[in-house]
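**Student:** only the shape, not the letters, is given here:
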Ligand code: SF4
């Protein structure tokens, strides 16, 4: 199994990594980190961002070090922080150049390297190695990596082996493809070097903008590490998650699915916003799981029939447009939703008139109302035997705690019903998962919609909690719909938008364009926050279109592998435009680039008028 338990919340066991005064690992609370977005040469700007992030609660801050000159800049940043008695640990983010890593490792508390470009390269070439040649290449990489370990050991510097889905080397891609297996092997090669050298001050990460790939690869990494007796802590994050609601929900789906299973020791919520904006989101996510050890008992089940490393969907029968091969549906407490979206079903009060042109769900105690009103779908409980027999199709409300043998027997004979499953357990995801697995093991194929209930006045809290509780279920293909009920002061329109956002972030249902935008860092070649907002404004009606917006080429092309259009910083103030992976225009001035992108979308026939 990829985690300690699927029914008891328990952190995956790890050794402890020391990053200056901060410990990362299963014996320590989950650590929150972020990254600066100013050019590293902007020493005052970078220090200001670090202090703001520190004040917001970041425990570690990463700074990009793209050149040897920037080694001096990060030294100056460090000195300035220390002069003000600020001891927040810094991480140097290194791509491409080992020598920069060697120098930065002498200055900061942690160095992050990318195994896709540390002594390795990505030129989108297909390389054909024999086993001997592959081993020789690995040995060359090892020789180039060992000096870094010696420097880190000498200076008490921690290391992160940070694999990105978008920047796997050609060597790894040629042998393993663009897969979770490839991501895991890319990191494992370096972790084996660390283990052979008995260097244990290492954290490892597997990031992707695709939440499914991110979750599957981290799970697989946890398994591979265990098989090889490695216990390195895990850093979690969804790259290029975007901004606003999309960024928050996407991060909470990916990171939350793993934290729920006790996987993850440090997290970064990557938003295309100022670094300090990431911290409250990360804290909400960490706090959401803080009391899960006190959750009530969850019934065990036998073998988990879902493959946690590749997507499969629980087989359910189709009832109305729910289940089977249909996309997951949304039930809402109001028909209000954002844009042109409408929930698939609206729950209405018993005394309310049905809302026209939408499927209304109403809780029934007897048959009378059904006879007097049209356009109603009844929601009943298992106890209403006469209604269950009488109404067809209908929705059956059931709590996980009610699922005993008698309930399973009743459910086994039902046809044409949709189950609406809810849980009162603190560990909601694990409880719902256990219930759905037990239903399936009892041969019950009725579609399942999960109802998740909250009481909050804060939309960000709702986005984070709902995505963290339901994302893992969706990514594992267990559910056929979601119903978010909130009794706090958040508009129904926002609640509905969160529901559709979660389905899109978990890649189950597309109802808007997807923006794969990076959080930006010192490598960013244009104003990414403003540009992302502008592109979103101009293209928000292009449902289903995927647009990658990347500050630079480091993860650009690979991360946008399935994007339709790419907008990537090529040089300061200059943008390269891509259609799929094909470079269409190079060096477009920043002030013209969004118009050029729209023209390109029109030229390729993907534009529709708003
Ligand atoms: S893609 Fe964005 S965050 Fe990543 S290195 Fe480039 S500019 Fe920085």
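**Tutor:** Nice, I can see it. Just so it is clear, the structure is predicted and the values come from calculations on it, not from any experiment.
**Student:** could you use CA atoms for every contact and neighbour count after this?
**Tutor:** Fine.
**Student:** show me the contacts for the residue most central in space within the chain.
**Tutor:** The residue lying closest to the centre of the chain (Cα atoms, centre = their mean) is residue 254, at 2.5 Å. Applying Cα atoms under 8 Å, 6 or more residues apart in numbering to residue 254 gives the contacts 211-212, 214-215, 237-238, 468, 471-472, 506.
**Student:** repeat that for 6 Å
**Tutor:** Contacts for residue 254 (Cα atoms under 6 Å, 6 or more residues apart in numbering) come out as residue 211.
**Student:** can you confirm it is in a helix?
**Tutor:** Yes. Remark: residue 254 belongs to a helix, assigned using DSSP: H, G, I helix; E, B strand; the rest coil.
**Student:** please begin residue numbering at 47 from this point
**Tutor:** Understood, numbering begins at 47; the last thing we discussed is residue 300.
**Student:** okay, it and residue 458: tell me how far apart.
**Tutor:** Between residue 300 and residue 458 the computed distance is 33 Å (Cα to Cα, to the nearest Å).
**Student:** please name the nearest non-neighbouring residue to residue 316.
**Tutor:** residue 565 (5.6 Å; Cα to Cα, 6 or more residues apart in numbering).
**Student:** which element is that neighbour on?
**Tutor:** For residue 565, there is no helix or strand it lies in under DSSP states H and E.
**Student:** count the neighbours of it for me.
**Tutor:** 29 (other Cα atoms under 10 Å).
**Student:** and if you look at residue 518?
**Tutor:** With other Cα under 10 Å as criterion, residue 518 counts 29.
**Student:** and it, that's in a helix?
**Tutor:** Yes. According to three-state DSSP, residue 518 belongs to a helix.
**Student:** that one touches residue 304, doesn't it?
**Tutor:** No. The criterion here is Cα atoms under 6 Å, and residue 518 misses it with residue 304 at 7.7 Å.
**Student:** can you list the low-confidence ranges for this structure?
**Tutor:** 168-170, 412-420, 601-605, 607 (pLDDT under 70).
**Student:** how about the residues of it near the ligand?
**Tutor:** Contact residues, the chain versus the ligand (Cα under 6 Å from any ligand atom): 564-567, 569-570, 596-602.
**Student:** closest to residue 588 among those?
**Tutor:** Distance to residue 588 across the residues of the chain next to the ligand (Cα to Cα) is lowest for residue 596, with 19.4 Å.
**Student:** residue 576 and the ligand, how far apart?
**Tutor:** To the ligand, residue 576 is 14 Å away according to Cα to the nearest ligand atom, to the nearest Å.
**Student:** what helix or strand is that residue on?
**Tutor:** Using DSSP H and E, residue 576 falls in helix 574-585.
**Student:** now swap in residue 232 and tell me
**Tutor:** Counting by DSSP H and E, residue 232 is part of helix 226-242.
**Student:** the inter-axis angle of the helix or strand following that helix versus helix 226-242?
**Tutor:** Later in the chain than helix 226-242, the nearest helix or strand by DSSP H and E is strand 248-253. Orientation of strand 248-253 against helix 226-242 (axes from the mean of the first three to the mean of the last three Cα atoms, to 10 degrees) gives an angle of 170 degrees.
**Student:** show me where the stretch 347-496 of the chain has strands.
**Tutor:** Using DSSP state E, counting those that start in this stretch, the strands found in the stretch 347-496 of the chain span residues 375-378, 391-394, 405-409, 422-427, 440-445, 463-468, 494-500.
**Student:** tell me the most buried of the ones you listed?
**Tutor:** strand 375-378 (a mean of 25; mean count of other Cα atoms under 10 Å).
**Student:** just checking, what packs against that one?
**Tutor:** In terms of contacts (3 or more Cα pairs under 6 Å, 6 or more residues apart in numbering; DSSP states H and E), strand 375-378 is packed against strand 391-394, strand 527-532.
**Student:** format these as JSON lines; extra columns: distance to residue 650.
**Tutor:** JSON lines is the format used below for the helices and strands packed on strand 375-378 (distance: least, Cα to Cα, whole Å):
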{"stretch": "strand 391-394", "distance to residue 650": "36"}
{"stretch": "strand 527-532", "distance to residue 650": "34"}
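**Student:** and these: which comes nearest residue 411?
**Tutor:** Here strand 391-394 is closest among these (Cα to Cα), at 14.1 Å.
**Student:** contacts for the closest one, please.
**Tutor:** 377-381, 405-408.
**Student:** then stretch 325-335?
**Tutor:** residue 315.
**Student:** 7 Å instead, please
**Tutor:** 76, 78, 102-104, 298, 302, 306, 314-315, 507, 510-511 (Cα atoms under 7 Å, 6 or more residues apart in numbering).
**Student:** in helices only, show me those residues.
**Tutor:** 102, 298, 302, 507, 510-511 (DSSP state H).
**Student:** out of the residues you listed, the closest to the ligand would be?
**Tutor:** Distances from the ligand to those, taken as Cα to the nearest ligand atom, are shortest for residue 298 (18.8 Å).
**Student:** thinking that closest one is in contact with residue 512, fair?
**Tutor:** No. Between residue 298 and residue 512 no contact is recorded; they are 8.5 Å apart, counting by Cα atoms under 7 Å.
**Student:** so those two - more neighbours on which side?
**Tutor:** residue 298 (34 against 26).
**Student:** phi, psi of the closest residue to the ligand within the stretch 197-346 of the chain?
**Tutor:** Closest approach between the stretch 197-346 of the chain and the ligand, counting by Cα to the nearest ligand atom: residue 286, at 7.6 Å. Note on residue 286: its backbone torsions stand at phi 50, psi 40 [degrees, to the nearest 10].
**Student:** that one - how many residues pack around it?
**Tutor:** Residue 286, neighbours per other Cα under 10 Å, totals 30.
**Student:** so how many other residues sit close to the residue lying closest to it once chain neighbours are set aside?
**Tutor:** Spatially, and ignoring its direct neighbours in sequence, residue 286 is nearest to residue 564 (3.9 Å; Cα to Cα, 6+ apart). Other residues lying near residue 564 total 28 when counted by other Cα under 10 Å.
**Student:** isn't residue 564 up against residue 284?
**Tutor:** No. Residue 564 is not in contact with residue 284 according to Cα under 7 Å; the separation is 10.0 Å.
**Student:** residues in contact with the helix or strand harbouring residue 549?
**Tutor:** Using DSSP H and E, residue 549 falls within helix 538-551. By Cα under 7 Å, 6+ apart, the residues outside helix 538-551 that reach it are 292, 295-296, 299, 376, 378, 380, 382-384, 509, 513, 517, 528, 530, 555-557.
**Student:** and whichever helix or strand comes after it, which strands flank it?
**Tutor:** As assigned by DSSP H and E, the chain's next helix or strand after helix 538-551 is strand 560-563. Paired with strand 560-563 in the same sheet, following DSSP bridges, are strand 592-596 (parallel).
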